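In: Test case, fold it:
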Amino acid sequence: MTVTSNNDTSSRVFQELMKANKITPAFPTHLGEIIKDEIEFRGIS
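Out: Purely as a prediction, here's the structure:
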């Protein structure tokens, strides 16, 4: 017989809810656009 505490169960539920791969972005962003902005911000040509 396995006994799980309420804290164990809520921790597992929280981990399932917080998985990054389940997040849907509000709008698609191309990786090149992010890199371009970073390069401009850091002053790299």
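In: hey, let's count contacts and neighbours off CA atoms from now on
Out: OK.
In: which other residues reach the helix or strand containing Glu38?
Out: Glu38 belongs to helix 31-42 when assigned by DSSP states H and E. Applying C-alpha atoms under 8 Å, 6 or more residues apart in numbering, the contact partners of helix 31-42 are Ser45.
In: State the mean pLDDT of it.
Out: Averaging pLDDT along helix 31-42 gives 93.
In: buried residues in it?
Out: When burial is assessed from 16 or more other C-alpha atoms under 10 Å, helix 31-42 yields no buried residues.
In: Alpha carbons only: can I get it in CSV?
Out: Listed next in CSV are the C-alpha coordinates belonging to helix 31-42 (Å, rounded to 0.1, in the frame of the first residue of the first chain):
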residue,chain,number,x,y,z
LEU,A,31,14.4,33.4,-33.5
GLY,A,32,16.3,35.6,-35.9
GLU,A,33,14.3,38.6,-34.8
ILE,A,34,15.2,38.1,-31.1
ILE,A,35,18.9,37.6,-32.0
LYS,A,36,18.9,40.7,-34.2
ASP,A,37,17.4,42.8,-31.3
GLU,A,38,20.0,41.4,-28.9
ILE,A,39,22.9,42.2,-31.3
GLU,A,40,21.6,45.8,-31.8
PHE,A,41,21.1,46.3,-28.1
ARG,A,42,24.6,45.1,-27.2
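In: distance between that helix and the chain's centre?
Out: Distance of helix 31-42 from its chain centroid, counting by C-alpha atoms, centre = their mean, to the nearest Å, is 20 Å.
In: Thr29: neighbouring residues, count only.
Out: Residues lying near Thr29 (other C-alpha atoms under 10 Å) number 9.
In: Three-state assignment for it, please.
Out: Following DSSP: H, G, I helix; E, B strand; the rest coil, we place Thr29 in the coil state.
In: what's the spacing between it and Asp8?
Out: Thr29 sits 36 Å away from Asp8, going by C-alpha to C-alpha, to the nearest Å.
In: repeat for Asp37
Out: 42 Å.
In: and if you look at Lys22?
Out: From Lys22 to Asp8 the distance is 21 Å (C-alpha to C-alpha).
In: With Ile44 instead?
Out: Using C-alpha to C-alpha, Ile44 is found at 48 Å from Asp8.
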